[in-house]
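Participant: Please find the sequence and the predicted model below.
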Amino acid sequence: MPINIPKQLPAGEHLRQEKIFVMEEDRAKTQQIRPLNILVCNLMPEKEKTELQLLRLLGNTPLQVNITFLNTATYESKNVSKSHLELFYKTFDEIKHRRFDGMIITGAPVERMEFEEVLYWQEITTIMDWAKVNVTSIMYICWGAQAALYHQFNIGKYELPKKCSGVYSHVITDLTVDLVRGFSDEYVAPHSRHTSVSIDEVRAHPDLHLLSYSDDAGVFIVQSKDNKHIMITGHLEYDATTLRDEYERDIAKTDNVEMPVNYFPNNDPAQEPKNTWRAHSHLLFYNWLNYYVYQETPYKWDFVEENIEFHI
């Protein structure tokens, strides 16, 4: 089934070239079907790249998916045109009256700052609190995952001695959990961050389930026991060349930059990196959309008894 996106969204042409089934809004409205409504709060600086990465994964399932992009009102992005945001993004005030089946909060280049120092921290916490009532399941990526662990479960982050950058091997703690159904016993995934969270604190928390970790990169997949919150501390959505782009960006700023580990063939930056995590990327998003969104969301939100009110 298709993924429904705005007609002129630049990512659309790339998705069509990759044979991802894309349907524009006008045609989608003519179909008698209940699509999943997914809200993407995109905090990444290069928004168009992140749009393509996430849409590629959300569009490769049997489910029809409507996408709404959310941007912060309290901070204006500097790496994307204002016209792009005006055409394809909403602010929280424009969508807070709606219900969504799923939501993704991405990473952000603010991890070295204390959470409360981030200009849009109050707005993000408001969105997270709103989502607990108005969204069936929320996936948080990288900084988004650390923000959720801090705000929802009181688990802070700490700065690493050096940047965690590269492709790391991970293990699964419980293969019977739907989110990791079909995963290999060991698999690889990219990380790119300066901070981490305590694996002991995650394991000890009564409301959390550590599903996957790396001996070298630490905590990776954490799920709340009510299935509401899915926290991914790395970047399974990354393209093959994303870590290379970040590495080249960093060495243009300073000489003291270490090469991403387990990434370039023969540790040679002149060689083209390979995507060795693609299958598990698709599997993770497929499992989330199916088991945590589609199987759990009400067919009609209007019929849900509202036991909790959210006040802004």
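Facilitator: Nice, I can see it. Owing to the predicted nature of the structure, the values given are computational and were not obtained by experimental measurement.
Participant: which stretches of the stretch 1-150 of the chain form helices?
Facilitator: 11-17, 25-28, 47-58, 82-88, 92-95, 121-134, 143-153 (DSSP state H, counting those that start in this stretch).
Participant: and the longest one, how far from the chain's centre?
Facilitator: Distance of helix 121-134 from the chain centroid (C-alpha atoms, centre = their mean, to the nearest Å) equals 16 Å.
Participant: closest to residue 290 out of the helices of the stretch 1-150 of the chain?
Facilitator: Among the helices of the stretch 1-150 of the chain, the nearest to residue 290 by C-beta to C-beta is helix 47-58 (11.9 Å). Backbone N, C-alpha and C define where each C-beta goes, glycine included.
Participant: Which secondary structure elements does that closest one sit against?
Facilitator: Packing partners of helix 47-58 (3 or more C-beta pairs under 8 Å, 6 or more residues apart in numbering; DSSP states H and E): strand 3-5, helix 11-17, strand 36-41, strand 65-70, helix 82-88, helix 278-287.
Participant: Mean pLDDT and distance to residue 173 for the ones you listed - can I get that in JSON lines?
Facilitator: As requested, the helices and strands packed on helix 47-58 are exported to JSON lines (pLDDT from 0 to 100; distance: least, C-beta to C-beta, whole Å):
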{"stretch": "strand 3-5", "mean pLDDT": "63", "distance to residue 173": "31"}
{"stretch": "helix 11-17", "mean pLDDT": "67", "distance to residue 173": "34"}
{"stretch": "strand 36-41", "mean pLDDT": "95", "distance to residue 173": "27"}
{"stretch": "strand 65-70", "mean pLDDT": "93", "distance to residue 173": "29"}
{"stretch": "helix 82-88", "mean pLDDT": "86", "distance to residue 173": "38"}
{"stretch": "helix 278-287", "mean pLDDT": "96", "distance to residue 173": "15"}
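Participant: Need the ones you listed in JSON lines (columns: distance to residue 293 and mean neighbour count).
Facilitator: Listed next are the helices and strands packed on helix 47-58 as JSON lines, based on distance: least, C-beta to C-beta, whole Å; neighbours: other C-beta atoms under 10 Å:
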{"stretch": "strand 3-5", "distance to residue 293": "14", "mean neighbour count": "25"}
{"stretch": "helix 11-17", "distance to residue 293": "20", "mean neighbour count": "16"}
{"stretch": "strand 36-41", "distance to residue 293": "6", "mean neighbour count": "24"}
{"stretch": "strand 65-70", "distance to residue 293": "9", "mean neighbour count": "21"}
{"stretch": "helix 82-88", "distance to residue 293": "22", "mean neighbour count": "14"}
{"stretch": "helix 278-287", "distance to residue 293": "10", "mean neighbour count": "19"}
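Participant: any idea how far residue 135 is from residue 211?
Facilitator: Residue 135 is 20 Å from residue 211, where distance means C-beta to C-beta, to the nearest Å.
Participant: Could you do residue 201 as well?
Facilitator: According to C-beta to C-beta, residue 201 stands 15 Å off from residue 211.
Participant: cool, and residue 181?
Facilitator: Counting by C-beta to C-beta, the gap from residue 181 to residue 211 is 11 Å.
Participant: The two: which has the busier surroundings?
Facilitator: More neighbours surround residue 211 than the other of residue 181 and residue 211, with 23 against 14 (other C-beta atoms under 10 Å).
Participant: which residues of the stretch 101-250 of the chain fall in strands?
Facilitator: Taking DSSP state E, counting those that start in this stretch to define them, one finds strands in the stretch 101-250 of the chain at 135-141, 157-172, 186-197, 208-214, 218-224, 229-232.
Participant: Nearest approach to residue 262 belongs to which of the ones you listed?
Facilitator: strand 157-172 (4.6 Å).
Participant: tell me the mean pLDDT over that closest one?
Facilitator: Per-residue pLDDT over strand 157-172 has a mean of 97.
Participant: can you check stretch 233-244 too?
Facilitator: The average pLDDT for stretch 233-244 rounds to 97.
Participant: What's the end-to-end length of stretch 218-238?
Facilitator: Terminal residues of stretch 218-238 lie 18 Å apart, using C-alpha to C-alpha, to the nearest Å.
Participant: whoops, I mixed them up, stretch 200-216
Facilitator: Distance across stretch 200-216, first residue to last, is 15 Å (C-alpha to C-alpha).
Participant: Tell me, please, the helix or strand in this structure that averages the lowest pLDDT.
Facilitator: Here the helix or strand of the chain ranked lowest by mean pLDDT, DSSP states H and E is helix 25-28, holding a mean of 52.
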